[in-house]
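**Student:** Got a predicted structure here, sequence first:
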Amino acid sequence: MSQTDLRPEQTAPTRRWRPTSRTAFFGVLLVVLVVYTEMAFELEWTTAAGRIGPGFFPRIVGLLGFVICLGALVNSLRPGVGDDEDLLEDEVGEGDLGRHPVPLLLAVVAGAVLLFTFLSLGAIVAGTLFMFGMLAFLNPGRWLFNAVLGVAIPLGLYLLFQTALNAGLPEGILPRF
Amino acid sequence: MDIFSQLAGGLAAVLTVQNLLLLAAGVTIGMVVGVMPGLGPSAGLAILLPLTFGLDPTGAIVMLAAVYYGAMYGGTITSVLINTPGESATVASTFDGYPLAKAGRAGPALVMAAIASFVAGTVGAVLISFFAPVTASVARTFGPPELFLVTVAGLLTLIVIVGKNRMLGVLSALIGFALATVGIDVGVGQQRYTFGSSELINGIDFIPVAIGLFGVGEILHTLWRGGHLEQLKLKAISVRDRAFWPTRQDYKETRGSMLRGSFLGFFVGTAPGAGATVASLMSYNLEKSVSKTPEKFGKGAMAGLTGPEAANNGASSGAMVPLLTLGIPGSGSTAVLLAGFLLWGLQPGPLLMQQNPEFAWGLIASMYLGNVMLPLVNIFMIPAFASIARVPFRLLAPIVIVLCAFGTFTVNGSILEVGIMLICGVLGFYMRRYGMSPAALVIALVLGPLAEETLRQTMVVSGGDPSIFLQRTTSMWLLVIIAGLLLLPLLSPLLKRIVQVRVREVGRRRRQHERAEARRAGTTVDEGGDSDRSGAAGSAEAHPTDDVEPHPVGAPGRVPTDGDEEDGR
């Protein structure tokens, strides 16, 4: 007669298909490709003369891209394909300094502010605001140094591109020089 | 046409005071860019492109090519001093370069690397002088079907050889093709994906995409990986220090490696997509396999540095052959150079050497002169460039982003392009994170219009019959090459094994010969060099040629930049 095992049943942890940030990226890409492909089908495949039309290339590109992206999306849901999988092959000699989404987000937001104020405030002022914002977080405590660098860099670049090369940077609220 | 008289003509075109100053400036700026963390040749070229708009085409291209070579060497300085490759092509330089620096031989390492670059660049410039006209004469027989197939083959090579995940590489290229369709369809004059914007009628410019992907994307990735937190300890080096200069033994040990690396690098570099990264890793494996003292590799063997350095620079020269003669860029860096050519109304391809010989030969001549200038600038300015590597990333990051924004705006005065640049920066970050290939995207963006146009022309010529690709001999050969590329992932383990066995055999015979000579002379020999146990086997696994595996070396450092991959960046 067999003895009943009274220990609670221990099961292996269930490996579920779950979305990750990788899934989100390929999901967004998939939506973009679907829209692209749909618009491609509104263009002609061939012209009235029987030649390649404006929709020929986009349809092929869109359909192939959709299939591959869908495969990548499904693959990203599989167990074992984690968030932290950095597939770049050449990160040699890098110490493990962790992951830092905050400075990344700061750079993106500051970049958006730079973009929206570039024409209205001008290259120097918008650039200075961007530098102040970034340096306040990345190089905290050194306010004088940050202030000097924050003004010097946009001013120097303006002098190089606009004053020296006449490249057409916007002056914004400052007089042109 | 006589090659030497053409070359003399090219030298005459370049040997003006302005061009020599631009050459010197380009080499210096390139090295500064290469030393900066988060940037590499691709990003540096894309960011500096707007600065050259005020120059004449020859001067601008001379300067950009000098930036390209300078940046390749600049990446070596950080590889040796702080164990952080400036870009993927200098990964192999860390294997022995950093151990040399740790042993107090940073100066000799950097000087020998500069000499290796000089030797390889000179060999490469000589080889280009012969191969470019030959390739151009073959390419002149190409019609639209062949040009279309060459475009496809070029992209496939990049994806198959360099990419870890080939399907994601294909996806990256498809995104590039998709971006290239924005604007007006040349065939019927219809707008595509312009959404009513007058700025998008001209299409999406290459420069904001390249600056965003390679420049801003790298900066964002380094911020995310904590680059702003690192504290670097960098020893100062000085040219006045006797220990700065190499010894006679260093020169003796590295003669063969420099030559082997130069030729290997050049021929690997001619394959679009293979580039400097693959060439430098192949060279490292080769040197370790044929060395008489393979046990020293990984611990500070000078040949382990000079071989990859020579291959790296040789590949930069080799990459110019398909660029100039076929108009096919093999990496992100050469894609930027191609965009520069197009901006100045020059069409690289089979007819470039015929229709603009002064430009093509002027560029080749500038490579000779650049190779003379590079060691002169390099060697005496190494301490200065090394000090740039000390600038903390937390200060460099916002400076580079502002520079990118200003530079992008000056291209067409378009704020939309600055927006595209920033969006591509975010895209580049995620592409790096999830194994896609920014280089493939950029190359597809540049080649997309060419591919579509040549396909259209092919269909016109054939009356819509796709079997035209099978009816022409050259097309058939190109189709065979494409089929070979598609089969390469299946065949490469076998090919790799065959090559490695042969190379190990050469190394084993050299070491046996050396031991026999030493016994005859009555001296003792280091017995640590037998091939199968030591370096060669280790090299095959630890340093594979087609997968760039991280080498587990010590100090934390900055994240290197792409490539090409090449520049598998």
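**Tutor:** Noted; the coordinates are in hand.

**Student:** which SSE is the residue nearest to A:Gly65 when sequence neighbours are not counted in?
**Tutor:** Counting by C-beta to C-beta, 6 or more residues apart in numbering or on different chains, A:Gly65 lies nearest to B:Leu174, which is 4.1 Å off, once chain neighbours are set aside. Any C-beta I mention is one placed from the backbone N, CA and C, and that applies to glycine too. Element membership of B:Leu174, judged by DSSP states H and E, is helix B:166-180.

**Student:** Which SSE is immediately downstream of that helix?
**Tutor:** strand B:183-184.

**Student:** mean confidence for that following strand?
**Tutor:** For strand B:183-184, the mean per-residue pLDDT is 88.

**Student:** Listing partners with orientation, what would you give for that strand?
**Tutor:** strand B:191-192 (antiparallel) (DSSP bridges).

**Student:** Following the chain onward from the strand it pairs with, which element is next?
**Tutor:** Taking DSSP H and E, what comes next after strand B:191-192 is helix B:206-210.

**Student:** what's the very next helix or strand once past that following helix packed up against?
**Tutor:** Where DSSP H and E defines the elements, the next helix or strand beyond helix B:206-210 is helix B:217-224. If contacts are counted by 3 or more C-beta pairs under 8 Å, 6 or more residues apart in numbering or on different chains; DSSP states H and E, helix B:217-224 sits against helix A:101-121, helix B:393-412, helix B:415-433.

**Student:** helix, strand or coil for A:Arg176?
**Tutor:** Using DSSP: H, G, I helix; E, B strand; the rest coil, the structure places A:Arg176 in coil.

**Student:** Roughly how far does B:Tyr251 sit from B:Val80?
**Tutor:** Separation of B:Tyr251 from B:Val80 (C-beta to C-beta, to the nearest Å): 18 Å.

**Student:** Looking at the two, which is more packed in?
**Tutor:** Shown here are B:Tyr251 and B:Val80; by other C-beta atoms under 10 Å in any protein chain shown, B:Val80 has more neighbours (30 against 14).

**Student:** what's the pLDDT at that one?
**Tutor:** For B:Val80, the pLDDT comes out at 82.

**Student:** which non-adjacent residue is nearest it?
**Tutor:** B:Val80's closest residue in space is B:Gly97 (C-beta to C-beta, 6+ apart), at 3.7 Å.

**Student:** and that neighbour, what element?
**Tutor:** B:Gly97 belongs to helix B:91-102, assigned by DSSP H and E.

**Student:** how about the residues of the stretch 301-450 of chain B near chain A?
**Tutor:** Within the stretch 301-450 of chain B, the positions near chain A by C-beta under 8 Å from any C-beta of the partner chain are B:392, B:394-395, B:397-399, B:401-403, B:405-407, B:409-410, B:413, B:415, B:418-419, B:422, B:425-426, B:429-430, B:432-435.

**Student:** Wait, a helix at A:Cys169?
**Tutor:** Heads up, residue A:169 is Leu, not Cys. No - counting by three-state DSSP, A:Leu169 falls outside a helix, being coil.

**Student:** what residue ranges in chain A score low on pLDDT?
**Tutor:** A:1-16, A:80-97 (pLDDT under 70).

**Student:** Now the residue nearest to the spatial centre of chain A: closest residue in space, sequence neighbours ignored.
**Tutor:** Centroid-nearest residue in chain A, with C-alpha atoms, centre = their mean: A:Val108, separated by 8.4 Å. What sits nearest to A:Val108 in space, not counting adjacent residues and going by C-beta to C-beta, 6+ apart, is B:Val426, at 6.3 Å.

**Student:** ok, now B:Gln457?
**Tutor:** Nearest residue to B:Gln457, sequence neighbours excluded (C-beta to C-beta, 6+ apart): B:Pro144, at 3.8 Å.

**Student:** Quick check, pLDDT for that neighbour.
**Tutor:** 86.

**Student:** okay, now it: neighbour count?
**Tutor:** Neighbours of B:Pro144 (other C-beta under 10 Å): 18.

**Student:** Quick one, which of the residues of the stretch 301-450 of chain B next to chain A are buried?
**Tutor:** B:392, B:394-395, B:397-399, B:401-403, B:405-407, B:409-410, B:415, B:418-419, B:422, B:425-426, B:429-430, B:432-435 (16 or more other C-beta atoms under 10 Å in any protein chain shown).

**Student:** Angles on the backbone of the residue in the stretch 151-300 of chain B positioned nearest to chain A, please.
**Tutor:** Using C-beta to the nearest C-beta, the single residue of the stretch 151-300 of chain B nearest to chain A is B:Gly226, 2.9 Å away. Main-chain dihedrals, B:Gly226, degrees, to the nearest 10: phi 80, psi 20.

**Student:** ok, it touching A:Gly98?
**Tutor:** Yes - between B:Gly226 and A:Gly98 a contact is recorded at 5.5 Å, counting by C-beta atoms under 8 Å.

**Student:** Give the other helices and strands that the longest helix along chain B contacts.
**Tutor:** If each helix of chain B is counted by residues according to DSSP state H, the longest one is helix B:473-521. Helix B:473-521 sits against helix B:144-157, helix B:275-290, helix B:468-471, helix B:535-542, with contacts defined as 3+ C-beta pairs under 8 Å, 6+ apart.

**Student:** Show me how the record splits chain A into domains.
**Tutor:** When chain A is parsed with automatic domain parsing, its domains come out as A:21-77, A:101-164.

**Student:** of all these, which lies closest to B:Val442?
**Tutor:** domain A:21-77 (15.8 Å; C-beta to C-beta).

**Student:** what about the closest one, distance to the chain center?
**Tutor:** 20 Å (C-alpha atoms, centre = their mean, to the nearest Å).

**Student:** burial of A:Glu42, as a residue count?
**Tutor:** A:Glu42 has 10 nearby residues by other C-beta under 10 Å.

**Student:** coming back round to it: after the helix holding B:Gly97, which helix or strand is next? Please name it.
**Tutor:** Following helix B:91-102 in sequence, per DSSP H and E, is helix B:106-139.

**Student:** rewinding a little: which of the helices and strands packed on helix B:473-521 sits most buried?
**Tutor:** helix B:275-290 (a mean of 30; mean count of other C-beta atoms under 10 Å in any protein chain shown).

**Student:** Mind giving me the packing neighbours of that one?
**Tutor:** Counting by 3+ C-beta pairs under 8 Å, 6+ apart, helix B:275-290 packs on helix B:91-102, helix B:248-269, helix B:302-318, helix B:473-521, helix B:535-542, strand B:564-565, strand B:568.

**Student:** same thing but 10 Å
**Tutor:** If you count contacts as 3 or more C-beta pairs under 10 Å, 6 or more residues apart in numbering or on different chains; DSSP states H and E, helix B:275-290 packs onto helix B:91-102, helix B:248-269, helix B:302-318, helix B:332-343, helix B:473-521, helix B:535-542, strand B:564-565, strand B:568.

**Student:** so can I have CSV of the ones you listed showing mean pLDDT?
**Tutor:** Shown next, in CSV, are the helices and strands packed on helix B:275-290 (pLDDT from 0 to 100):
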stretch, mean pLDDT
helix B:91-102, 83
helix B:248-269, 89
helix B:302-318, 89
helix B:332-343, 78
helix B:473-521, 78
helix B:535-542, 35
strand B:564-565, 40
strand B:568, 37
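
**Student:** closest one to A:Leu115 among these?
**Tutor:** helix B:332-343 (22.8 Å).

**Student:** in the closest one, what's buried?
**Tutor:** For helix B:332-343, by 16+ other C-beta under 10 Å, it's B:Gly332, B:Ser333, B:Thr334, B:Ala335, B:Val336, B:Leu337, B:Leu338, B:Ala339, B:Gly340, B:Phe341, B:Leu343.

**Student:** and the angle from the longest helix of chain B to helix B:106-139?
**Tutor:** 150 degrees (axes from the mean of the first three to the mean of the last three C-alpha atoms, to 10 degrees).

**Student:** what's the spacing between helix B:473-521 and its chain's center?
**Tutor:** On C-alpha atoms, centre = their mean, the centre of helix B:473-521 falls 23 Å from the chain's centre.

**Student:** Same check on stretch B:269-287?
**Tutor:** Distance, centroid of stretch B:269-287 to centroid of chain: 10 Å (C-alpha atoms, centre = their mean).

**Student:** Right, I'll leave it there.
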